[in-house]
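Student: structural data only, the sequence is not supplied:
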């Protein structure tokens with residue numbers, strides 16, 4: 001898949017919007033399902049102040065697991081008060097189906113306006 005094909009492919013399954021929606025779902029699910037651990041792990045996170053911004057979209061051939069796995073990774077940088085505090089990545093197969101997602105936030109970075 002060349003860069004032009006990747007750009008066209010991104011629009012078909014609406015990868016960027018799905019990734020942004022996935023970020024909010026991930027964050028709210030974690031906060032609602034385990035509020036104590038969420039508050040302990042991320043005491044300085046103010047959800048209303050978070051802004052997910054598109055960082056990268058990449059096509060990867062992964063050979064680690066015996067069979068070749070083709071996947072697209074869509075990465076968002078997560079900002080609070082214009083300071084980057086984390087990354088959210090969502091993985092998709094070449095058909096646009098969800099494979100996995102990951103959220104990494106700085107647990108105690110003090111962010112103020």
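Tutor: Perfect, thanks for sending it. Everything quoted here is computed from the prediction, not taken from an experiment.
Student: rest of the way, CA atoms for contacts and neighbours
Tutor: Will do.
Student: okay, the residue most central in space within the chain and residue 40: tell me how far apart.
Tutor: By C-alpha atoms, centre = their mean, the mean C-alpha position of the chain lies nearest to residue 88, the distance being 2.5 Å. According to C-alpha to C-alpha, to the nearest Å, residue 88 and residue 40 sit 20 Å apart.
Student: for residue 82, phi and psi?
Tutor: phi 70, psi 20 (degrees, to the nearest 10).
Student: Three-state assignment for the residue located most distally from the centre of the chain, please.
Tutor: Going by C-alpha atoms, centre = their mean, the residue of the chain most distant from its centre is residue 66, 26.1 Å out. Taking DSSP: H, G, I helix; E, B strand; the rest coil as the rule, one finds residue 66 in the coil state.
Student: again with residue 22
Tutor: helix.
Student: dump the residue contacts of residue 70.
Tutor: Residues near residue 70 by C-alpha atoms under 8 Å, 6 or more residues apart in numbering: 59, 60, 61, 62, 93, 94.
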